[in-house]
Structure formats: structure tokens, C-alpha cells
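Asks: Give the three-dimensional model of this entry:
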Amino acid sequence: MPIYLPSFLFTAAEGLLLPILPVSAVNYGQGLASAAIVTTLLMIGTFVFEIPAAWIVNKIGERRSMILASVMGFGLTSLAFISTSYEVLLVAAFGFGTAHSLFGLSRHSLLAEIVPANHRPKSMSLLGGMFRGGTAVGPVIGAGVIALFGLDAAYLAAGAICLLAGFAVLSTPAKKLLSSPSGLDGNILKVARRESKKLLTLGVASAIISAGRTIRLIGLPLLAIQLGIDAATASFIFGITGFIDFALFYLSGILMDRYGKFWSSVPTLIALGTIYLFSFAVQDLFTFWLMAAISALANAASAGINMILGADLAPQGSRNEFLAAFRMLTSGGVVVAPAMISGLTAVAGLSSALALTGLLNFYGAFLFWKYLPIYAPDKKR
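Replies: Numbering: from 1, shown residues only. Down below sits the predicted model:
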């Protein structure tokens, strides 16, 4: 409860914000490109704050960091509520990204510490399910609040959800969330240099799988527009496939628990790479349905893989420092993916852009195949 429930709530708050930030930007008189920057800044905030987040977690501990991040989330959504300009909205979005980074690192570190290694596959996939559930529920809450009270009230709703997340952590006795100290063997730079082989292999592979998932969320809506699929039908398809993703997330935990991390990572990247590579063959509603469903199934099969990898790879005494470096890579994959799709689409068209990103997924699969047995072998059962 002190980890899963707050994670669900905090992700719901972010899921509520993501669709309304661009709308507010447009209401301030901005064009679509400028509106998209608001959401991008939130992701950048998450990326750049991983290093400061590790320092904060080392200073005050995981439990207090999660509470602080929740209060930050409330403050920044309140700033968006009272905002009267595009510039203030940018500050609020970036700031919420930093709160997300602090919450995510402290949660990841705490779960890595208190969950025994042989229980990590199922526990981490369950956490991945909380992300998916929060992402699905947040926009629904936002839609209801907007319908009843208007757009600005949705920011207050997101802030209230952040406070609920903080209260869920606060209501848990501190002694139940104790963890061993980190920062005993150098700062983040020293730890990253010492652990560079892990980061440049499995860390890069994890960044690629993060990018692959993000490309799915960006490329499929663009493909629907290119095919002339109307917005209502496209939304229905994404809703159904999103339900597939959420309903089957525990499949990843079962796969990793019984057969190892290979079967949760490599097939996902091969499947995503294949459907991106052959996206040019998607020419009608049926093939689009098929592509969306396969991508959702592949995504579900990898729920929690990055979380468990970070926990398995993190060295004793430098847990937070390593996780900060590792999470910078995975957050970087999320930040870079939209730029890749936008740039490649402008130069070569959407199908070519998806095909090129598909090749990147195959490289990620190769890295997992080669280096999982070396740096993150599965425990013998």
C-alpha cells in the first residue's frame, strides 16, 4: 500500500495533466507546435532532475522524498491553475516533471530495497500495472471534472490526487519503510564510471525499450490520421488496446518469474520492431486494429522490466546513484522518441520513420540477448 497505491495515484495525476496542458497552451493563443512543447518540457523535467533527486533521497530518505514529491506536485498543479500566461504554464509543467522524477526514484529505490530478489519480477510488473492503471484512470477523471467544472478545475483535481498519494505514504509508519543507506561509494559520476559497462549495454537497451513504447504512443495516432481513420474510431481502438495492455500487465511478472527476464524484454522489442518495420503494410482499418493490438500485447509482456533491471543491477551502497544514472537513460529514451519521430517523418515520411525506429528496437533486443546473462542473470529457482 505505501508504494503501489501512491504510484497509482501519482501516475493518475500525471495522466490527467498530459491531455490538458496542450489545451491550456492553445487557450493562451499558442499554436500546436508551442502547445506540444509544454508536454515535452514535463518529460525533460523528469530527465534532468534524476541527479538532484538522488541527492535529495540520500539526504532525507525514500519515504520523505515521496511525500515531498507529492507536495511539489500539488504546488505545481496549483500554479497551473492560477496561471494566466503560457510562460507560467511552462514552468508548472517542467516543475511537475521534476516532482515525477523525485517520486519515481524514491519509489524505485525503496522497492528495490525492501522486496526480496526472488519476488522482484511479480512485484515490479505489478508496479508497472499501477502505471498503466493510473494512466488510464487519470484522463477519465479529468474528463469528468472538465465537463462539470471547466478546464482549470482539472488542475485542482490533479493536485488533490497528488496530496492523496502523499497521504498514503504519510499514513504508513516510518519504520515499515526503512532502507539501507546509499551514497557510500562515491557520487553519481563515480558510480556511473564504475558501472559503465552495465549502463552502456543493459542501460542503453532499457532506454531503447522506453523509446519503443513512447514511439507506439506517438506513431500510432499519426498513422491513424494518415489512414483517414476518424477521431472517434481511433480513440475507441486505443481504448480497447489500452485495456489489453492494462489487463495483461501481470503476464510480464509471470514470464520473468518462471522463464527469466529474456522472455519479457527480447520478444517485446522484436515484436515492436517488426510492426514498426512493416507499418507501410498497414493500409486499412483491419490491419491498423491488428497493429495496435500486437503492440499492446508486446507492451504488456514487458511491464516492469526496466524497474527490475535497475534493481538487479544496482550495487550495494550506491543504489540511488546507480538508479539515477540508469533512470536518466530510460527517461532519455522517452524524451528522444518524439524528436526522432518528428524529425524522421519530416524528412522521409511516417512509414520510413517508423521503420527506422523499428531497426533500433532490434538493436535493443540484441543488447538484452547478449548482456542479460552477463550482468543480470536470473536467480536459480
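Asks: Flag every buried residue along the lowest-mean-pLDDT helix or strand in the chain.
Replies: Among the helical and strand segments of the chain, the one scoring lowest on mean pLDDT, DSSP states H and E is helix 231-247, with a mean of 75. Buried residues in helix 231-247, counted by 16 or more other CB atoms under 10 Å: Ala234, Ile237, Phe238, Thr241, Gly242, Ile244, Asp245, Phe246. C-beta coordinates here come from the backbone N, C-alpha and C atoms, glycine included.
Asks: Contacts only, for the fourth one.
Replies: The neighbours of Thr241, taking CB atoms under 8 Å, 6 or more residues apart in numbering as the test, are Ala292, Ala293, Ser295, Ala296.
Asks: Which helix or strand contains the first one?
Replies: Translated: Ala292. helix 285-300 (DSSP states H and E).
Asks: hmm, back to that, now tabulate the buried residues of helix 231-247 in a markdown table and tack on distance to Thr201.
Replies: Below are the buried residues of helix 231-247 laid out as a markdown table (distance: CB to CB, whole Å):
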| residue | distance to Thr201 |
| --- | --- |
| Ala234 | 37 |
| Ile237 | 36 |
| Phe238 | 33 |
| Thr241 | 31 |
| Gly242 | 31 |
| Ile244 | 31 |
| Asp245 | 27 |
| Phe246 | 30 |
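Asks: Show the subsequent helix or strand relative to the helix or strand hosting Lys190.
Replies: Element membership for Lys190, per DSSP H and E: helix 188-194. For helix 188-194, the following helix or strand on the C-terminal side (DSSP H and E) is helix 196-198.
Asks: what angle do the helix or strand just after that following helix and helix 285-300 make?
Replies: Using DSSP H and E, the helix or strand that follows helix 196-198 in sequence is helix 204-227. With axes from the mean of the first three to the mean of the last three CA atoms, to 10 degrees applied, the angle from helix 204-227 to helix 285-300 works out at 160 degrees.
Asks: Could you check how far helix 204-227 is from the centre of its chain?
Replies: 13 Å (CA atoms, centre = their mean, to the nearest Å).
Asks: Give the buried residues for it.
Replies: Buried residues in helix 204-227, defined by neighbour count with 16+ other CB under 10 Å: 204-221, 223-224.
Asks: what's the answer for stretch 274-288, then?
Replies: Under the neighbour-count criterion of 16+ other CB under 10 Å, stretch 274-288 has Ile275, Tyr276, Leu277, Ser279, Val282, Phe288 buried.
Asks: What are the structural domain limits within this protein?
Replies: When the chain is parsed with automatic domain parsing, its domains come out as 4-172, 189-375.
Asks: now for the last one, what's the gap between its first and last residues?
Replies: Put plainly, it is domain 189-375. End-to-end distance of domain 189-375 (CA to CA, to the nearest Å): 20 Å.
Asks: Kindly report the same for the shortest one.
Replies: With CA to CA as the measure, domain 4-172 spans 12 Å from end to end.
Asks: Could I get the average pLDDT for that domain?
Replies: In this model, domain 4-172 has a mean pLDDT of 89.
Asks: for the stretch 251-381 of the chain, what spans make up the helices?
Replies: Along the stretch 251-381 of the chain, counting by DSSP state H, counting those that start in this stretch, helices occupy 262-277, 285-300, 305-313, 319-348, 350-375.
Asks: elements contacting the last one?
Replies: If I follow you right, that is helix 350-375. For helix 350-375, the packing partners by 3 or more CB pairs under 8 Å, 6 or more residues apart in numbering; DSSP states H and E come out as helix 204-227, helix 262-277, helix 319-348.
Asks: Check the first one too.
Replies: Helix 262-277 makes packing contacts with helix 204-227, helix 250-259, helix 285-300, helix 305-313, helix 350-375 when contacts are defined by 3+ CB pairs under 8 Å, 6+ apart.
Asks: nearest to His119, of the ones you listed?
Replies: With CB to CB, the closest approach to His119 among the helices and strands packed on helix 262-277 belongs to helix 250-259: 8.6 Å.
Asks: hmm, back to that, adding distance to Ile20 as columns, could you present the helices of the stretch 251-381 of the chain in CSV?
Replies: Below are those laid out as CSV (distance: least, CB to CB, whole Å):
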stretch, distance to Ile20
helix 262-277, 28
helix 285-300, 24
helix 305-313, 27
helix 319-348, 18
helix 350-375, 26
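Asks: Identify, out of those helices, the most deeply packed stretch.
Replies: helix 305-313 (a mean of 25; mean count of other CB atoms under 10 Å).
Asks: re the thing from before, what's the closest of the contacts of Thr241 to Arg107?
Replies: Ala296 (24.6 Å).
Asks: Tell me which residues touch the closest one, please.
Replies: Ala296 is in contact with Thr241, Gly242, Ile244, Asp245, counting by CB under 8 Å, 6+ apart.
Asks: Ile3 now?
Replies: By CB under 8 Å, 6+ apart, Ile3 lies in contact with Arg107, Leu110, Leu111, Leu127.
Asks: Could you do Ile51 as well?
Replies: Contacts of Ile51 (CB under 8 Å, 6+ apart): Ile188, Ala324, Met328.
Asks: ok so, going back, may I see the contacts of Thr241 organised as TSV, with pLDDT added?
Replies: Listed next are the contacts of Thr241 as TSV, based on pLDDT from 0 to 100:
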residue	pLDDT
Ala292	88
Ala293	90
Ser295	90
Ala296	87
